[in-house]
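1. build me a model from this:
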Amino acid sequence: MPVETVHLFLNPAAGRGRANKRCARIRELLGAGDFPLEVYLSQREGDLEERVRQCVDGGGRRIVTAGGDGSVHEATNGIMRARSEATLGVIPTGTGNDFAKAAGITLDWEHATRLLADRIAANVQSRTVDVGKMNDRYFANGAGIGFDARVTRIARSYRLPMGDLVYLLAIFRGMAEGIATPNMRIISDGDVRTGPITLANVASGPWIGGMFNLAPMARNDDGHFDLLVVEPVSRPRILALLPKLMSGKHMGEEEITHKTVTRILIEADEPVDCHLDGEMQPMQTRFEIEILAGMLHLF
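-> A predicted model of the protein is given here:
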């Protein structure tokens, strides 16, 4: 029986260009495995997603992505939109690598590549993690609506090689520009909440922005989301909360509420910023979010 081909999708722009510099070494390490390897380099935003979908529809069953959370987001959408199933392997070469941390993947990209090659060669049984769906898009790590999405939008506008610190800079700029608190109606598993909020975060994994342990209790294989809602807060209060948000010690603060959910509807009085896995989405007023438990297979 022929050995199945591994299809490597690499985003050269991930990690502000670091992934491109590591491409040859990743190919070398994966190529040492006892399996055929085909390599695809994404050319633009959305390209990786479409090529993964086409690959899976064409019979590809072993998908590997080397990149950051944006690459994982596109690969997840490509697999979920395909007519067939596939297993995903992740080599973290991005800035935040939030999904890799949630999935227990080492952030040492060379070690991660070696481990992945060994698992593929040994035909190790895949494990499953949850996938979220917001309106017509899928996500692997989390959805953010409100201020954290606005911070993400600002962070993505910078091209400086600052790593995770870019998100701190974006927070300070976001505060300086003003903290919007639109009125939102949140319906989650039968409960209704209406009023102004700073942000709503629907977490499958614990981390966002690389350095913020926003949902420390979240697990991406437990069949539910962790919903965090932050009430209107002042600039000084945000500064006071920042260290706790980074260390995961903010739970129980009076402005923050938490609950586990499987389905959420959020309606805003005006279009608001939103992101999925750190990828900006069009500003919207209605967000239908549901969990698809165990729908993504990982090497």
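2. burial of Val64, as a residue count?
-> Using other Cβ atoms under 10 Å, Val64 has 24 neighbouring residues. Using the backbone N, CA and C atoms, a C-beta is placed for each residue, glycine as well.
3. got it, and the one 3 residues further on?
-> The burial count assigned to Gly67 is 27, neighbours taken as other Cβ under 10 Å.
4. gap between it and Phe299?
-> Using Cβ to Cβ, to the nearest Å, Gly67 is found at 16 Å from Phe299.
5. and the strands in the stretch 101-250 of the chain?
-> 127-134, 137-139, 142-146, 183-188, 191-196, 199-203, 225-230 (DSSP state E, counting those that start in this stretch).
6. please identify the most buried of these.
-> strand 142-146 (a mean of 28; mean count of other Cβ atoms under 10 Å).
7. mind giving me the packing neighbours of that one?
-> strand 127-134, strand 199-203, strand 263-276, strand 279-298 (3 or more Cβ pairs under 8 Å, 6 or more residues apart in numbering; DSSP states H and E).
8. by mean pLDDT, point me to the weakest helix or strand of the chain.
-> helix 165-177 (a mean of 88; mean pLDDT, DSSP states H and E).
9. quick one, that one and strand 263-276 angle?
-> For helix 165-177 against strand 263-276, the angle by axes from the mean of the first three to the mean of the last three Cα atoms, to 10 degrees is 100 degrees.
10. what lies in contact with helix 165-177?
-> 95-96, 147, 150-152, 154-155, 158, 160, 162, 209-212, 235, 238-239, 242 (Cβ atoms under 8 Å, 6 or more residues apart in numbering).
11. which among the residues you listed end up buried?
-> Neighbour counting by 16 or more other Cβ atoms under 10 Å classes 95-96, 147, 150-152, 154-155, 209-212, 238 among the contacts of helix 165-177 as buried.
12. adding pLDDT, write those residues out as a markdown table.
-> Converted to a markdown table, the buried ones among the contacts of helix 165-177 look like this (pLDDT from 0 to 100):
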| residue | pLDDT |
| --- | --- |
| Thr95 | 84 |
| Gly96 | 85 |
| Phe147 | 95 |
| Arg150 | 93 |
| Val151 | 92 |
| Thr152 | 90 |
| Ile154 | 91 |
| Ala155 | 87 |
| Gly209 | 87 |
| Gly210 | 88 |
| Met211 | 88 |
| Phe212 | 94 |
| Ile238 | 93 |
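13. which one of those residues sits closest to Val129?
-> Closest approach to Val129 among the buried ones among the contacts of helix 165-177 (Cβ to Cβ): Gly96, at 17.4 Å.
14. list the contacts for the nearest residue to Gly146 once chain neighbours are set aside?
-> In space, and not counting its chain neighbours, Gly146 is closest to Leu199: 3.5 Å by Cβ to Cβ, 6 or more residues apart in numbering. Counting by Cβ under 8 Å, 6+ apart, Leu199 touches Gly144, Ile145, Gly146, Phe147, Asp148, Ala149, Leu228, Val229, Val230.
15. ok, now with 7 Å
-> Gly144, Ile145, Gly146, Phe147, Asp148, Val230 (Cβ atoms under 7 Å, 6 or more residues apart in numbering).
16. pull up the gap between it and His111, please.
-> 35 Å.
17. before we move on, back to that, let me know which of the helices and strands packed on strand 142-146 is the nearest to Leu29.
-> Using Cβ to Cβ, those put strand 279-298 closest to Leu29, at 18.4 Å.
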